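Asks: Below: sequence and its predicted model.
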Amino acid sequence: MTVLSDVRQAAFQPANTADIADALMAASGLRVDGERRRGRGASMNPTGRFERLERESVDDGWNNLEDLAPFRTETQVERPKTVISRNDSPDLPFDRSVNPYRGCEHGCIYCYARPTHSYMGLSAGLDFEAKLFAKPDAPKLLARELSKPGYKPRTLAIGTNTDPYQPIEKEWRIMRQLLEVLMEANHPVAIITKSALVLRDIDILAPMAEKGLAKVSLSVTTLDRKLARTMEPRAATPTKRLEAIRGLREAGIPTSVLVSPLIPALNDHELERILDAAQAAGATEASYILLRLPLEVSPLFRDWLLQHYPDRYRHVMSLVRSMRDGKDYDADFSRRMKGTGPYAWQINRRFEMATKRLGLGRRSMQLRDDLFVPPHGNGVQLSLL
């Protein structure tokens, strides 16, 4: 009873009224006209945090807003020297990943990867969704790195930063080429996506899965089409994602559901329904992550919340801060994924009870790494032996 009482107290604790006023003032003059950003998640395009000068759009009366060009998706080529990123984060189940694209056209307003666009001198707002970078050399670089002497295979995660199956993949097909390299090398791969385009590559993933080399996780944030369209404007609909889970499982590919992010007072009430639907579609594993608002993501999300759910703004942000030690975000490895406090405890307990009832594991399947054969050719230096 004490815990439930604490949960209710945290749930109805109002956010500071000045916080709303500050958010409104910060957004005024920064919002881009709705017609120019139609179909996008963010409503602002603030200057990147590493820039020396800050830009602010001001209507000087000389031109009409209609004269400004709308935000269209532009893709530039990025030529990195290496493609495998490594991490030693204790709260991640992988130590290496590959990202075929930088930026993401899905436009999810909550995306924790938005701040990475600042490293390119661009905005975490609309630039992140409209000014994308493709890495066409990624498959060749991957083959080269897998062939280095002493390379030890471990599960390679793809989709941990931006979605490898975002719309531009239809044209660039970089993700498919990466999978072809991994299939040739018998290298284990774990994919995270919210796109039904993953079904296109069943012909590669199914044979790999049969050897214990591949699994896929579909991110399902909500079953509400209206909320999904507003929050994730260019991602697949919830129905399409569940169909993707079903299609992958019918092909024999281990599939899990990632309920992420859980946003208090917005979609967290759907937790059990999402797990039920995913399990019925064929998912065998499940996990969840609480809303994360690092750096530029916080003002972008708060502005979005004020526009679309102004009546819930104080309630949502109060709960977020109750799970983040009074802040919008806590980057501590032990707390950033699940949060702390009574409301976070309640969500975790609900998840545990639902997954136990449905027989959903929790990242239990381990992929094989004993079948690995270094790739050869395609610019890879061959052994002299």
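Replies: Everything's here; your move.

Asks: for Ala209, what are its contacts?
Replies: By C-beta atoms under 8 Å, 6 or more residues apart in numbering, the contact set of Ala209 is 215, 251-254. Backbone N, C-alpha and C define where each C-beta goes, glycine included.

Asks: The nearest residue to Thr237 once chain neighbours are set aside and Ala157, how far apart?
Replies: In space, Thr237 comes closest to Arg225 once its chain neighbours are excluded; the distance is 5.9 Å by C-beta to C-beta, 6 or more residues apart in numbering. Separation of Arg225 from Ala157 (C-beta to C-beta, to the nearest Å) stands at 29 Å.

Asks: which one of these two has more residues nearby?
Replies: Set Arg225 next to Ala157 and count neighbours by other C-beta atoms under 10 Å: Ala157 wins out with 23 against 11.

Asks: partners of the more buried one in the sheet?
Replies: Here Ala157 sits in beta bridges with Ser97, Ala190, as judged by DSSP bridges.

Asks: who touches it in this structure?
Replies: Applying C-beta under 8 Å, 6+ apart, the residues contacting Ala157 are 94, 96-98, 189-192.

Asks: Could you do Phe301 as well?
Replies: Counted by C-beta under 8 Å, 6+ apart, Phe301 has contacts 109-110, 291, 293.

Asks: measure it to Ile263 for me?
Replies: Relative to Ile263, Phe301 is positioned 9 Å away (C-beta to C-beta).

Asks: who touches both of the two?
Replies: Common contacts of Phe301 and Ile263 (C-beta under 8 Å, 6+ apart): 110, 291.

Asks: where do the helices sit along the stretch 201-350 of the chain?
Replies: Along the stretch 201-350 of the chain, counting by DSSP state H, counting those that start in this stretch, helices occupy 202-210, 225-231, 238-250, 271-281, 297-308, 313-322, 342-358.

Asks: which outside residues touch the fourth one?
Replies: For helix 271-281, the external contacting residues (C-beta under 8 Å, 6+ apart) are 218, 220, 222-223, 242-243, 245-246, 249, 257, 259, 262, 286, 288, 347, 350-351, 354-355, 358-360.

Asks: Quick one: buried ones out of those?
Replies: Neighbour-count burial (16 or more other C-beta atoms under 10 Å) applied to these gives 218, 220, 222-223, 242-243, 245-246, 249, 257, 259, 262, 286, 288, 347, 350-351, 354-355, 358, 360.

Asks: related to what we said a few turns ago, tell me how far the residue nearest to Thr237 lies from Lys338.
Replies: Applying C-beta to C-beta, the value for Arg225 to Lys338 is 28 Å.

Asks: Can you list the low-confidence ranges for the chain?
Replies: 1-29, 56-68, 363-364, 377-385 (pLDDT under 70).

Asks: rerun at 50
Replies: Confidence mapping of the chain against pLDDT under 50 gives the ranges 1-14, 21, 25, 28, 379, 384-385.

Asks: distance between stretch 118-134 and the chain's centre?
Replies: Relative to its chain's centre, stretch 118-134 lies at 15 Å (C-alpha atoms, centre = their mean, to the nearest Å).

Asks: end-to-end on it?
Replies: The first and final residues of stretch 118-134 sit 17 Å from each other (C-alpha to C-alpha, to the nearest Å).
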